[in-house]
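Novice: Next comes the sequence, and after it the predicted model I'd like to discuss.
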Amino acid sequence: MGSGTSTNFTAVSGLSLDTSAAAFWCGGTWSNQLNAKIKLNHDGSGWLASKNIT
């Protein structure tokens, strides 16, 4: 999910099948998922509320 046009789209949340990265993230771009507001990894680790809940 994101915003923009078909030629200039920025994802700000999504799901990924890539097991070396986040399974789900929101509140940041894919390239900046380490600063996302919510990030859940395939192994169950992650955070909510900008890392206030891990």
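Specialist: Perfect, thanks for sending it.

Novice: secondary structure class for the residue most central in space within the chain?
Specialist: By Cα atoms, centre = their mean, the chain has its centre lying nearest to residue 25, at 2.3 Å. Assigned by DSSP: H, G, I helix; E, B strand; the rest coil, the conformation of residue 25 is strand.

Novice: Okay, and the beta partners of it?
Specialist: Legend: beta-bridge partners of residue 25 under DSSP bridges are residue 14, residue 39.

Novice: residues in contact with it?
Specialist: Contact analysis of residue 25 by Cβ atoms under 8 Å, 6 or more residues apart in numbering lists 13, 14, 16, 33, 36, 38, 39, 40. From N, CA and C alone the C-beta is placed, and that goes for glycine too.

Novice: what about the closest residue to the first one other than its chain neighbours, neighbour count?
Specialist: When you say that, I think you mean residue 13. Leaving aside its sequence neighbours, residue 13 sits nearest to residue 26 (Cβ to Cβ, 6 or more residues apart in numbering; 3.4 Å). Residue 26: 16 surrounding residues under other Cβ atoms under 10 Å.
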